[in-house]
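> no sequence on this one, just coordinates:
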Ligand SMILES: Cc1ncc(COP(=O)(O)O)c(C=O)c1O
Ligand SMILES: N[C@@H](CCOP(=O)(O)O)C(=O)O
């Protein structure tokens, strides 16, 4: 919707008012810090209270969002759907059993022009004003506009770095390759972005409907469970995690244990855990925290908005994302689409979903023109967090890929481990899932689908340190069937200068 001159003027004035509010809030926060430490004498003088007292963005009371059936989104109806629900309802599926989607009142958002939103979002980067220091909540009006700042549970997630992978790009003959480090986050994966939103809404629900939400639960391959347990622990909310026994890394397993969740190690795979959690959450007041719950995607979509913001609102040509349960690829699409629909950018990037060959139901569907999707039995993969054969968000992923002229690629175990290790040699420290995305990038580049100057973003979804065991195995050349082309095993040396010098000169003859 185009704004008339007088409306633009109003929006500009509002933006300035808000900027003043944010900056005033920031300086007040700074001024209050010493007193907050002595909060016994000065109760309430903290950044949450400061947010409570701050006037909302003028006109923001008109902003709102609702659940609508995902089918309505597929049909292009969005918030105009006749079936819709308040976000205060506890439900995960529409009347027809299909998924739900959070839809925003785009006309209300469009009352503020693109320049207004850019200025607002840019002005919040790096602030400590509650809750805008979070990369997710800095876009609060586009996430959960009606949620009170008092209810937000945040660890100032998001704002992850997007860096120019100059040397790795050069190896692939590319000049404009970037890596978005979504794994550089509180619990070491992108899941924090969605979990802050879900747990914040739960925090509200527990105040208005205490009997309806007694605990929050999820099935997990290790990252959702880590994020859920951390955010629940921060808010004092009980959490329960269903983990496939012996199928997640030690670092992932210890996270919910440390955060006090009830950890159930179940003798099945992720798909089995996912079925169980759906039954359990349907039967008792345990709130479902998997990305089947569309609240999660409202947080995850902010990573896409953040990428555009980091490129000064320029659109990259390609964004490559590893896919498992397939919520994230749709979340990225939603973020990009919202920016386009509200005029912040003029096009969408092409999306690539990268799957492990051992768990590739979307890749198989893509090969068949998305006809007759069939779940698969996911086999063991080093990319264990995407060892998923029956993705809940398959329909969401297909929509995202169709709308962006997207591509699906796959990577064998050797390809994904090699790709992660090769990129590590240029200074990264990749998890195997990022290895899947890097392998997809390499293949698309070699086939000439991605051109030398295409601006390309690889989304790194978890921190490599969560998967140290598999990286050690690779570098020790211990993995059966994998040569380890980029392995760099440590050299055992006796305690003698001669032996040390020999070892150095073997590697660097000119020393
Ligand atoms: C590290 C990591 N990468 C990628 C994914 C895939 O995300 P999605 O399930 O939304 O496709 C997951 C979880 O599934 C994950 O934990
Ligand atoms: N990789 C995920 C799998 C579950 O995905 P979700 O996004 O639907 O919660 C995990 O870490 O559990």
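Nice, I can see it. Computed from a predicted structure; not experimentally measured. Residues are numbered from 1 along each chain as shown. Ligands and ions are numbered 1, 2, ... in the order given.

> next up, the contacts around the nearest residue to residue 327 once chain neighbours are set aside.
By the measure of Cβ to Cβ, 6 or more residues apart in numbering, the closest residue to residue 327 outside its immediate chain neighbours is residue 291, 3.0 Å from it. From N, CA and C alone the C-beta is placed, and that goes for glycine too. Going by Cβ atoms under 8 Å, 6 or more residues apart in numbering, residue 291 touches 194, 224, 297, 300, 325, 327, 328, 331, 392, 393.

> again with residue 220
226, 228, 241, 242, 243, 248, 270, 273, 290.

> ok, residue 473 to residue 357 distance?
19 Å (Cβ to Cβ, to the nearest Å).

> can you give me the strands for this protein?
Applying DSSP state E to the chain gives strands spanning 65-69, 100-104, 162-164, 177-181, 215-219, 239-244, 262-266, 286-288, 318-322, 350-356, 407-411, 456-460.

> how about TSV for the ones you listed, with mean neighbour count, distance to ligand 1 and mean pLDDT added?
Output for these, formatted as TSV (neighbours: other Cβ atoms under 10 Å; distance: least, Cβ to the nearest ligand atom, whole Å; pLDDT from 0 to 100):
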stretch	mean neighbour count	distance to ligand 1	mean pLDDT
strand 65-69	23	19	98
strand 100-104	24	15	98
strand 162-164	15	17	98
strand 177-181	23	12	99
strand 215-219	27	11	98
strand 239-244	25	13	98
strand 262-266	16	17	98
strand 286-288	22	15	98
strand 318-322	28	4	99
strand 350-356	28	8	99
strand 407-411	24	12	98
strand 456-460	28	8	99
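
> pLDDT weak spots in the stretch 1-150 of the chain?
Scanning the stretch 1-150 of the chain for pLDDT under 70 picks out the ranges 1-44.

> can you list the residues of it near ligand 2?
Counting by Cβ under 6 Å from any ligand atom, the stretch 1-150 of the chain comes close to ligand 2 at no residue.

> so residue 473 and residue 357 - more neighbours on which side?
Remark: of residue 473 and residue 357, residue 357 carries more neighbours, 19 against 16, as counted by other Cβ atoms under 10 Å.

> returning to what we had before: out of the contacts of residue 220, who's nearest residue 505?
For the contacts of residue 220, the minimum distance to residue 505 (Cβ to Cβ) is 42.5 Å, reached by residue 248.

> skipping its backbone neighbours, what lies nearest the closest one in space?
residue 222 is the one closest to residue 248 (Cβ to Cβ, 6+ apart), at 3.7 Å.

> against residue 109, how distant is the one you found?
On the measure of Cβ to Cβ, residue 222 and residue 109 end up 35 Å apart.

> the two: which is more packed in?
Each of residue 222 and residue 109 has its neighbours counted (other Cβ under 10 Å); residue 222 has more, 27 against 21.

> gap between the more buried one and ligand 1?
7 Å (Cβ to the nearest ligand atom, to the nearest Å).

> now swap in residue 132 and tell me
Distance from residue 132 to ligand 1, by Cβ to the nearest ligand atom: 26 Å.

> run a quick neighbour tally on that residue.
By other Cβ under 10 Å, neighbour count at residue 132 equals 26.

> test my guess that it contacts residue 141.
No. Judged on Cβ atoms under 8 Å, residue 132 makes no contact with residue 141 at a distance of 10.8 Å.

> contacts only, for residue 138.
121, 124, 125, 127, 132, 158, 159, 302.

> up against ligand 1, what does this structure have?
189, 221, 223, 291, 322-328, 385-386, 431, 433, 461-462.

> quickly list what the closest residue to residue 406 other than its chain neighbours is bridged to.
Once flanking residues are discounted, residue 406 sits nearest to residue 351: 4.2 Å by Cβ to Cβ, 6+ apart. When assigned by DSSP bridges, residue 351 has beta-bridge partners residue 319.

> so who does the residue nearest the centre of the chain touch?
Geometric centre of the chain, nearest residue: residue 190, 3.6 Å, by Cα atoms, centre = their mean. Taking Cβ under 8 Å, 6+ apart, we find residue 190 in contact with 182, 183, 223, 300, 303, 328, 459, 461, 462.

> and stretch 360-372, how far apart are its ends?
15 Å (Cα to Cα, to the nearest Å).

> tally of neighbours for the closest residue to residue 438 other than its chain neighbours?
In space, and not counting its chain neighbours, residue 438 is closest to residue 419: 3.9 Å by Cβ to Cβ, 6+ apart. Neighbourhood size, residue 419 [other Cβ under 10 Å]: 26.

> per-residue pLDDT, residue 419?
Looking at residue 419, its pLDDT is 99.
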